[in-house]
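**Q** No sequence on hand, only this structure:
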């Protein structure tokens, strides 16, 4: 969590807390699957960099 906050990796409206850890762990597999399917379709994923 500290590194994600240090490098300003989500959430956009604040900082990650220890309570957010469960959310991240629970949704990690879905996120991996999303990127896998997108890569297999040869589609781009846009990232917001400020």
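**A** Here it is on my side, so go on. Remember, predicted model here, so these are calculated numbers, not experimental data.

**Q** can we go C-alpha only for contacts and neighbour counts from here?
**A** Will do.

**Q** Outside of the helix of greatest length in the chain itself, list whatever touches it.
**A** Taking DSSP state H as the criterion, the chain has its longest helix at helix 20-40. Contact with helix 20-40 is made by 1, 44-45, as judged by Cα atoms under 8 Å, 6 or more residues apart in numbering.

**Q** pLDDT on that helix, on average?
**A** Helix 20-40 shows a mean pLDDT of 87.

**Q** can you give me the offset of that helix from its chain's centre?
**A** Helix 20-40 sits 8 Å away from the centroid of its parent chain (Cα atoms, centre = their mean, to the nearest Å).

**Q** which of the contacts of helix 20-40 tops the neighbour count?
**A** residue 1 (12 neighbours; other Cα atoms under 10 Å).

**Q** Report how many residues lie close to the nearest residue to that residue once chain neighbours are set aside.
**A** Leaving aside its sequence neighbours, residue 1 sits nearest to residue 16 (Cα to Cα, 6 or more residues apart in numbering; 6.1 Å). Residues contacting residue 16 under the criterion other Cα under 10 Å number 19.
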